[in-house]
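Peer 1: Below are the sequence and a predicted model for it; my questions follow.
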Amino acid sequence: MTDEQAPKRDEQSEYDSDVTSGLAATSGGVLEQRGQEADESSSPEVDDGTVAMAKPLKPEGSVDAGVGQEAAAGQSSEATSISSSQEAIAASEAHETSEAIREVGRSSLMGRLDSLRASGAEKLCAFATSKNMLALTAICAILLIAFICSASSCSTMRTARLAAEKSASDYKTEVETLEEEKRVLQAEVDTLEGEVNELKNGASALLVKIKNAFEAGDWQGVVTLYDRLHQAYNGSPEDAEAKGLADQAQAKIDEARAAEEKKKAEEEAAKKAEEERKAQEAAAEEQRKAEEAAKAYDTGITYEQVARDPEGYTGDKLTFTGKVLQVQRSDYSTVIRLAVDSDYDQVVLCSYMDSATPTRVLENDIITVKAVVIGETSYTSVLGATITLPEIYADEVMIQ
């Protein structure tokens, strides 16, 4: 048991003893008071303040049976009433005693609580003061440790920086040494690569490749390899031997090129001849068609035949030659009055598209038309007379 726990136990024992003594005293006083009140209530008072004496009972023989029964009933009722009063008084006394005990205990408890609060406040203040001192001491210790660590850290960082500078200097020296070694090794590598290149692509190796290409018929390969050998080993025995093979390969190349050019020229000549033949055939076909077309219009139909039966010759082809009497043009076509055979009594109305003639037709021109009979047409002259003429449509108009 600690020193703090011992005072607490003594205080609790003292508190329990005070409560018990108070309860006992209160209980005794209450019980004594209640006894006195009971005695006073059981003794009836008289008007002059003296206690009335109880009357003696009559002898049993002096009363009759009816009176004796009434007396017995009255005594029994009085005894029951007294018993009920005593029980009520006892219950009331017990309740008041309980309330008094509770009040004494409550008062004693509150007093003890106030005492404990005061004692606790004093102890709490003492603890807080002690705790603040401990906290202040801890803060000072932490600051001291931080200062010591900071000084140690600065020293450590200074040492580390010096070590890093020394390491950097050492690394720089080592890098320079390695770079020098790299240059030396690179020079050795270049020398070895030159030797390897000489072994792979030297004069003898190139000559062997040239011979292999010559045997395989790779004439262009022979010439290319010889150019390399000649540039690297000009005047060497391999160069002289390779030149002979290269000249032969070049002759083969020239021969093949000449044969190719000859073949190409022959193909072009044949193609040109074929084109000329096709052009001649096309011209002949055009001429044949033109002759056939001309024959189609050379039907021998005369103006008199058409004038007598224009409906009967509608759709037939014919060829008329005559003098242009009048020309009337529109956007894409032209209408003329044509005197067949220059006879003003044999006039026809002829229309055609502008594409039917390469040049413009004028009045008094002598033209030949290849046309198709449409029928006849009528129009009113300037003098108001109605004129009816055969009408034709010209597919071709030729100026004489």
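Peer 2: Everything's here; your move.
Peer 1: Next, please give the residue ranges for the helices of this protein.
Peer 2: 5-42, 65-201, 203-216, 219-232, 237-297, 303-308 (DSSP state H).
Peer 1: looking at those, which has the lowest confidence?
Peer 2: When the helices of the chain are compared on mean pLDDT, helix 5-42 scores lowest, with a mean of 49.
Peer 1: Quick one: residues contacting the residue nearest to residue 356 when sequence neighbours are not counted.
Peer 2: Spatial nearest neighbour of residue 356, chain neighbours left out: residue 397 (5.0 Å); criterion: CB to CB, 6 or more residues apart in numbering. Placement of C-beta: from N, CA and C, glycine included. With contacts defined as CB atoms under 8 Å, 6 or more residues apart in numbering, the neighbours of residue 397 are 352, 356-357, 361, 367-369.
Peer 1: Beta-bridge partners for residue 397, please?
Peer 2: Assessed by DSSP bridges, residue 397 has beta-bridge partners residue 369.
Peer 1: Show me this protein divided up by domain.
Peer 2: Using automatic domain parsing, the domain parsing of the chain gives 9-38+77-200, 202-297, 300-399.
Peer 1: tally of neighbours for residue 242?
Peer 2: Residues near residue 242, counting by other CB atoms under 10 Å, number 26.
Peer 1: who's in contact with it?
Peer 2: The contact partners of residue 242, by CB under 8 Å, 6+ apart, come to 206-207, 210, 225-226, 229-230.
Peer 1: how does it look with 6 Å?
Peer 2: Residues near residue 242 by CB atoms under 6 Å, 6 or more residues apart in numbering: 207, 210, 226, 229.
Peer 1: which among those gets closest to residue 331?
Peer 2: residue 226 (76.8 Å; CB to CB).
Peer 1: ok, now which ones touch the residue nearest to that closest one when sequence neighbours are not counted?
Peer 2: Nearest residue to residue 226, sequence neighbours excluded (CB to CB, 6+ apart): residue 246, at 3.7 Å. Applying CB under 6 Å, 6+ apart, we find residue 246 in contact with 222-223, 226.
Peer 1: re the thing from before, nearest to residue 277 among the contacts of residue 242?
Peer 2: residue 226 (47.9 Å).
Peer 1: on that earlier part again, mind putting the contacts of residue 242 in a markdown table, distance to residue 123 and neighbour count included?
Peer 2: Formatted as a markdown table, those follow (distance: CB to CB, whole Å; neighbours: other CB atoms under 10 Å):
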| residue | distance to residue 123 | neighbour count |
| --- | --- | --- |
| 207 | 117 | 21 |
| 210 | 117 | 26 |
| 226 | 117 | 26 |
| 229 | 114 | 25 |
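Peer 1: Specify which member of those residues is nearest to residue 97.
Peer 2: Among the contacts of residue 242, and counting by CB to CB, the member closest to residue 97 is residue 229, at 143.0 Å.
Peer 1: burial count for the closest residue to the closest one other than its chain neighbours?
Peer 2: Leaving aside its sequence neighbours, residue 229 sits nearest to residue 206 (CB to CB, 6+ apart; 4.2 Å). Close neighbours of residue 206, defined as other CB under 10 Å, add up to 21.
Peer 1: Quick check: residue 206 vs residue 148, distance?
Peer 2: Distance, residue 206 to residue 148, by CB to CB, to the nearest Å: 82 Å.
Peer 1: cool, and residue 88?
Peer 2: Here residue 88 is placed at a distance of 87 Å from residue 148 (CB to CB).
Peer 1: next one: residue 390
Peer 2: Distance of residue 390 to residue 148, computed by CB to CB: 140 Å.
Peer 1: now do residue 321
Peer 2: 139 Å.
Peer 1: Ok, residue 338 next?
Peer 2: 136 Å.
Peer 1: who's more crowded, those two?
Peer 2: A count of neighbours by other CB under 10 Å puts residue 338 above the other of residue 338 and residue 148, at 27 against 10.
Peer 1: So the more buried one sits against residue 349, correct?
Peer 2: No. In this structure, residue 338 is not within contact of residue 349 by CB atoms under 6 Å, at 7.9 Å.
Peer 1: Quick check: bridge partners of residue 329?
Peer 2: Bridge pairing for residue 329 - DSSP bridges - gives residue 334.
Peer 1: per-residue confidence for it?
Peer 2: Predicted confidence (pLDDT) for residue 329: 93.
Peer 1: list the contacts for the spatially closest residue to residue 316 that is not a sequence neighbour?
Peer 2: In space, and not counting its chain neighbours, residue 316 is closest to residue 373: 5.1 Å by CB to CB, 6+ apart. In this structure, residue 373 makes contact with 306, 313-314, 316, 392, judged by CB under 6 Å, 6+ apart.
Peer 1: Could you export the residues you listed as JSON lines, including distance to residue 122?
Peer 2: What follows is the contacts of residue 373, written out as JSON lines (distance: CB to CB, whole Å):
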{"residue": "306", "distance to residue 122": "157"}
{"residue": "313", "distance to residue 122": "155"}
{"residue": "314", "distance to residue 122": "150"}
{"residue": "316", "distance to residue 122": "153"}
{"residue": "392", "distance to residue 122": "150"}
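Peer 1: Among these, which ones are in strands?
Peer 2: Judged by DSSP state E, the contacts of residue 373 include residue 392 as members of strands.
Peer 1: Now a PyMOL select for only the buried ones of the contacts of residue 373.
Peer 2: To isolate the buried subset of the contacts of residue 373 in PyMOL, counting by 16 or more other CB atoms under 10 Å, use the following:
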select buried, resi 306+313+392
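Peer 1: which among the contacts of residue 373 gets closest to residue 112?
Peer 2: When the contacts of residue 373 are compared against residue 112 (criterion: CB to CB), the nearest one is residue 314, at 152.8 Å.
Peer 1: looking at it, the closest one is touching residue 376, isn't it?
Peer 2: No. Judged on CB under 6 Å, residue 314 makes no contact with residue 376 at a distance of 9.3 Å.
Peer 1: how close does the residue nearest to residue 229 sit to residue 240?
Peer 2: Residue 206 sits 13 Å away from residue 240, taking CB to CB as the criterion.
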